[in-house]
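Novice: fold the following.
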Amino acid sequence: LSPYFHFDTSRESFGLYISRYCCISSTNMVRSVLFSLLLVVFILGFSPRGRCFVPMVGISLNPTDQDSDDNWSHGAITRRALLNVAADFQRSYLDCDVGDLRDVKPDRIFQEISQLFRRCYGQVVSAARFYQASLQIETANGCVDLNSATKKLPSAHFDAERFVAGNARLLELRTQVLTAIDQGEYEAARIYTGQLLHTLQDFYSHSNWVEMGHTEPHAALAVPGADIGKVAGPDTPTCVDCSKTLGLLWYKCEDNIRAEVNRQGLLTSGYSSNQRDLSGNLVPKPEGAGKCSHGGHLDGSKDVPAAGGINKDTKWSLFSPHSNLHNQAAQLAVKATEDFFRSIRTAKGDAQFANFLNLNTGSTLCFAIDTTASMEDDIAASKARAIEIISSRVGSPTAPSNYILVPFSDPHVGPAVVTNDPDEFKAAIGSLQASGGGDAPEYSLGAVQIALVRSLPGSTVFVFTDAEPKDAELVESVTSLGIQKNIKVAFFLSGSVGRRRRGAGRVRGAREAGDRDTYLSIAQSTGGQVLDITKSEVFQTTKLVDLVVTSAEANILQIRDAPAGTGDHVIPVDLTMSDVIIQVTGEGAELQVFDPTGLIQMTGENATVSVEIQLEDVVVVRMRDVTPGAWHVVVISAVTYDLRVTAQSTVDFLYAFVDRTANDTEHPGVCDVDGRPVSGQRPNIRVNMA
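Specialist: Numbers count the residues shown, from 1 in each chain. Next up is the predicted model:
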């Protein structure tokens, strides 16, 4: 279902619109002026707040940023189906009242998803990762209208009666979705899903399925071996001319599909101007054949007999000649989208389906561990902490959703263990043997890269090593992948690589000896950290793993190289937060916590503030049951220090770098940028609150 434009009613932009699209000439000046005036009335009278526009949120097919009560975009259709599917999934696992979702309007879908997660899990689980999966699917869906290979491809939209080719596209994409899920490539699976759903949803808006009187989705689409039914032949007339409305400005058609076509159950769809097939050949509307047009003001084929069109993309007849059937087409598209997701759940099982849509409530517990001989103590500590985490959380909403172990040394990386079974993970980490080594550098970044690929978005990868990276050339790709998937990378450095101690008066330089800076760069860019510890401190420090392995972790504050002395830092706490974690890294640093009334908080096992980690260089405290307000953390340190504050919260922000050059006149919107922005070019960023 096609998107709307951004119609700005300011003089400059409106004049640009008129000059580009009204084709003013001496022979049609009167009609153009009349059209311009009526268009102003249309924009001001029928658009929210005097305008209708496509939001720059990565979903090209979105007529307004707040889809109106009765106008459904590709994004709204996909979101609505995902809400229903998520509710079904939660209902089948939890004794949870998901509420009445029948009357949720397009502009309230994301808010309702947040309410769904809160009703089922309370404050300990965030919907952010499910949002992220949804946005990836929506973005891929909308980019079918922006990608040069598909935006004018008839089979990608079920246009020009390309039903066989359109269904072949669905089947191919379905196979790619299933294969990607089998391989654990869930992001790729979401991209293929978005591309598939765009084509599937367009079937109901671009074909005559609704006009035939169908009230259920086409059961044979995207089903291997199924017959999609009869298609009108190339010489079969399918439409008749329809009349224009409002002073002969645009077509409003209701009964222009020939009755015998619908009666015989022949599938037909409209032709649209400037479309090309996979070979690059033009697919024009046949003249004299009585075929239907896609229709709408910007379709150049609309005046070729049979004049008019049959698309149901929007509720406005200016763009959709069959606008009166828009809602019926949209609701069938919602049902068809739900059916597709349920078919994937049936084919792959609940565990993989949960990973596919980020419906699991926990994050990934992921360790990348150096297995050279000097790492024996680290391996033992990691094993003990993993067993403790798994045992304490089994059966709870905060239990890890999956487990990943990536061993590395020189020259070996892997094989990676990726499993949903905690016992398999414990067995794998228990079987690690420390051996070999010699030259200090190891292939640590290759292991981090594998861990990032296989981890769920919003997780943290924990890296244990006492050596510098031997594959530092991977730093950019590792950093980009971590940012893209919103995964933090935390390095636990023991031994010589981590033996950088800051004495009084020492300020950390921009670069230090060795490649510790490589780890620091990755940690800073991804929101992670580097902890320099001794071998005897490894087990106590891994307590931090237990504190941050949660799907609801949100960064509140992060300061690097705060000046020595006494620093007073404000920690804003709101109603959505619980379990605030404060970490100070700096030799001999001390901290004090004050509540919003200014009262200092004493630490203790059952107190609001408890000390979780106390080492020479690291202090970590935990705040439970905090009241909203401006808390203060006072740090007293003789050296520069780092401060990091996180919390469990059901509110978070998701962002992605986007490309606005994908805009065209018919389908304004943006697509996500793969990797990082190009240096020297002005970047654009999309931010969503989850």
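Novice: which residues in the stretch 151-300 of the chain form helices?
Specialist: Ranges of helices in the stretch 151-300 of the chain, per DSSP state H, counting those that start in this stretch, are 163-182, 186-206, 259-263.
Novice: now do the stretch 401-550 of the chain
Specialist: Under DSSP H, counting those that start in this stretch, the stretch 401-550 of the chain gives helices at 422-430, 444-454, 475-484, 516-526, 538-541, 543-548.
Novice: elements contacting whichever helix in the chain runs longest?
Specialist: Looking across the chain with DSSP state H, the single longest helix is helix 326-357. Helix 326-357 makes packing contacts with helix 74-93, helix 128-142, helix 163-182, helix 186-206 when contacts are defined by 3 or more Cβ pairs under 8 Å, 6 or more residues apart in numbering; DSSP states H and E. C-beta coordinates here come from the backbone N, C-alpha and C atoms, glycine included.
Novice: how about Leu173, nearest residue that isn't a chain neighbour?
Specialist: Nearest-residue entry for Leu173: Leu196, 3.9 Å, with adjacent residues in sequence omitted and distances by Cβ to Cβ, 6 or more residues apart in numbering.
Novice: Asp561 too?
Specialist: Excluding the flanking residues, the one nearest Asp561 by Cβ to Cβ, 6+ apart is Thr640, at 4.8 Å.
Novice: that neighbour reaches Ala562, doesn't it?
Specialist: Yes - between Thr640 and Ala562 a contact is recorded at 6.4 Å, counting by Cβ atoms under 8 Å.
Novice: what's the weakest-modelled helix or strand in this protein?
Specialist: Lowest mean confidence among the helices and strands of the chain (mean pLDDT, DSSP states H and E): helix 11-21, at a mean of 30.
Novice: picking up where we left off before, comparing the helices of the stretch 401-550 of the chain, which comes out most buried?
Specialist: Among the helices of the stretch 401-550 of the chain, helix 444-454 has the highest mean neighbour count (mean count of other Cβ atoms under 10 Å), at a mean of 25.
Novice: and that one, how far from the chain's centre?
Specialist: How far helix 444-454 lies from its chain's middle: 21 Å, per Cα atoms, centre = their mean, to the nearest Å.
Novice: then it to PDB, C-alphas only?
Specialist: The C-alpha trace of helix 444-454 is given here as PDB (Å, rounded to 0.1, in the frame of the first residue of the first chain):
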ATOM      1  CA  SER A 444      40.300 -12.100  20.200                       C
ATOM      2  CA  LEU A 445      38.500  -9.800  17.800                       C
ATOM      3  CA  GLY A 446      37.600 -12.700  15.400                       C
ATOM      4  CA  ALA A 447      35.900 -14.300  18.400                       C
ATOM      5  CA  VAL A 448      34.100 -11.100  19.300                       C
ATOM      6  CA  GLN A 449      32.900 -10.800  15.700                       C
ATOM      7  CA  ILE A 450      31.400 -14.400  15.800                       C
ATOM      8  CA  ALA A 451      29.800 -13.600  19.200                       C
ATOM      9  CA  LEU A 452      28.200 -10.400  17.900                       C
ATOM     10  CA  VAL A 453      26.800 -12.200  14.900                       C
ATOM     11  CA  ARG A 454      25.100 -14.900  17.000                       C
END
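Novice: identify the residues contacting that helix?
Specialist: Residues from elsewhere that reach helix 444-454 (Cβ atoms under 8 Å, 6 or more residues apart in numbering): 184-185, 364, 366, 368, 370, 404, 406-408, 413-414, 416, 418, 461, 463, 465, 467, 469-472, 474-475, 477-478, 481-482, 485, 487, 489, 518, 522.
Novice: low pLDDT regions in the stretch 451-600 of the chain?
Specialist: Applying pLDDT under 70 to the stretch 451-600 of the chain flags the ranges 495-514, 548-552.
Novice: quick revisit: buried only: go through the contacts of helix 444-454 for me.
Specialist: 184-185, 364, 366, 368, 370, 404, 406-408, 413, 416, 418, 461, 463, 465, 467, 469-472, 474-475, 478, 481-482, 485, 487, 489, 518, 522 (16 or more other Cβ atoms under 10 Å).
Novice: so which of those sit within strands?
Specialist: 364, 366, 368, 370, 404, 406-408, 418, 461, 463, 465, 489 (DSSP state E).
Novice: ok, which pair from these is furthest apart?
Specialist: Farthest-apart pair in those is Val418 and Thr465; separation 20.4 Å (Cβ to Cβ).
Novice: thinking again about what came up before, avg pLDDT for the longest helix of the chain?
Specialist: Averaged over helix 326-357, pLDDT sits at 93.
Novice: identify each buried residue in that helix, please.
Specialist: Those buried within helix 326-357 under the rule 16+ other Cβ under 10 Å are 326, 328-342, 344-345, 348, 352-357.
Novice: quick one, that helix and helix 186-206 angle?
Specialist: 170 degrees (axes from the mean of the first three to the mean of the last three Cα atoms, to 10 degrees).
Novice: any idea which of the helices of the stretch 151-300 of the chain is most buried?
Specialist: Of all those, helix 186-206 has the most neighbours on average by mean count of other Cβ under 10 Å, namely a mean of 25.
Novice: now the end-to-end length of stretch 353-361.
Specialist: Criterion Cα to Cα, to the nearest Å; first-to-last residue distance in stretch 353-361 is 13 Å.
Novice: one more: stretch 580-595?
Specialist: Its first and final residues considered, stretch 580-595 spans 13 Å by Cα to Cα.
Novice: for stretch 254-265, same thing?
Specialist: End residues of stretch 254-265 are separated by 18 Å (Cα to Cα).
Novice: got the contact list for it?
Specialist: 208, 211-213, 229-230, 232, 236-242, 268, 290, 292, 306, 308, 310, 321-322, 324.
Novice: show the buried residues in these.
Specialist: For the contacts of stretch 254-265, buried by 16+ other Cβ under 10 Å: 208, 211-212, 232, 236-240, 242, 268, 290, 292, 306, 308, 310, 321-322.
Novice: which ones among these are found in strands?
Specialist: Per DSSP E, the buried ones among the contacts of stretch 254-265 never map to strands.
Novice: quick one: which of the ones in strands among the buried ones among the contacts of helix 444-454 is nearest Ala165?
Specialist: For these, the minimum distance to Ala165 (Cβ to Cβ) is 36.7 Å, reached by Val418.
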